[in-house]
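Enquirer: Sequence and predicted structure, then a few things I'm wondering about:
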Amino acid sequence: MTGPDAEQRFRDLHRATFADLLRFVERRIPVDEAEDVVSTVFLTAWRRFGEVPEDARPWLFAVARRTMANRTRGWLRRRALDVRLDAAEPRHEPDSAPGTAARIDLQRAWRELKAADREVLALVAFDGLTSDQAASVLGVRRSTFAMRLGRARQRLQAALNPEATPTTLKEQESWTTA
C-alpha cells in the first residue's frame, strides 16, 4: 500500500508509538543503540505496512524483540572474536534520597529473576500492555501469558521477601494466629 493516505497513516502510527517503543527498547539494550533498533522497526513496518494490524503496538514490540535478538546474536559473534580486558570497578556514591533502600531491594530482586520473568513483568508494568497485547508480543496464548505473569509476580515477591516462606505467609494471613 503506497500513496499519500498510507504515508499519513504511517506518520500517525510513528507519532503514536515512537516514544513507547523507544522506552521498550531502551530498557533492554544500551541506550545509545536504542534509536537504531527503533529505526529498523519502523523501516520494517513501512516495508510491511499492509501486514501491520489495527492494534500496531504489540506487532511493533514483537518486531523490536526480534530485531534486538538479531543484534545480540551478532554482538555475541563479534565478541567471541575480541579479546577483552576487565574494566575497572566503577565508583559508587551513596544515595541518600528517600526510598533508596526500597529501590535497592527492588533492583536486587529484579536482577535475581530470570530474563523470561523480567520480560513478562516489564511488558505489563513498564510498557503498559494489556495481557492480550503482551501475549501477542511473545507469540503465546493469553492464558499462557497470564500463567507466566502470575508466576513471575510470585517469584518477584519471593525475591523481595526472601525470609517469607509460603508457610509463614500462610500463618500471617490466618485469623487463628493472633
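Expert: That came through, no problem. Numbers count the residues shown, from 1 in each chain.
Enquirer: Who are the packing partners of the longest helix seen in the chain?
Expert: For the chain, the longest helix by residue count, based on DSSP state H, is helix 56-81. Helix 56-81 sits against helix 4-26, helix 31-47, helix 131-138, with contacts defined as 3 or more C-beta pairs under 8 Å, 6 or more residues apart in numbering; DSSP states H and E. (Glycine included, C-beta is placed from N, CA and C.)
Enquirer: and the first one, what does it pack onto?
Expert: Right, helix 4-26. Using 3+ C-beta pairs under 8 Å, 6+ apart, helix 4-26 sits against helix 31-47, helix 56-81.
Enquirer: Contacts made by it with the rest, please.
Expert: 34-35, 37-38, 41-42, 45-46, 49, 52, 56-57, 60-61, 64, 68, 126-128 (C-beta atoms under 8 Å, 6 or more residues apart in numbering).
Enquirer: Could you rerun that using 6 Å?
Expert: 34, 37-38, 46, 56-57, 60-61, 64, 127 (C-beta atoms under 6 Å, 6 or more residues apart in numbering).
Enquirer: Can you check what angle separates it from helix 131-138?
Expert: Angle of helix 4-26 versus helix 131-138, following axes from the mean of the first three to the mean of the last three C-alpha atoms, to 10 degrees, is 90 degrees.
Enquirer: so how far is the longest helix of the chain off the chain centroid?
Expert: Remark: helix 56-81 is offset 13 Å from the chain centroid, using C-alpha atoms, centre = their mean, to the nearest Å.
Enquirer: and the angle for it with helix 4-26?
Expert: Using the same axes, to 10 degrees: helix 56-81 against helix 4-26 is 50 degrees.
Enquirer: Same list, the helices and strands packed on helix 4-26, but as CSV with mean neighbour count please.
Expert: As requested, the helices and strands packed on helix 4-26 are exported to CSV (neighbours: other C-beta atoms under 10 Å):
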stretch, mean neighbour count
helix 31-47, 16
helix 56-81, 15
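Enquirer: Show me what counts as buried in stretch 128-148.
Expert: Within stretch 128-148, the residues that count as buried by 16 or more other C-beta atoms under 10 Å are 129, 133-138, 145-146, 148.
Enquirer: For that stretch, measure first residue to last.
Expert: Stretch 128-148 has its terminal residues 17 Å apart, counting by C-alpha to C-alpha, to the nearest Å.
Enquirer: Please report the distance of Pro58 from Asn161.
Expert: For Pro58, the distance to Asn161 equals 32 Å [C-beta to C-beta, to the nearest Å].
Enquirer: ditto for Gln8
Expert: For Gln8, the distance to Asn161 (C-beta to C-beta) stands at 51 Å.
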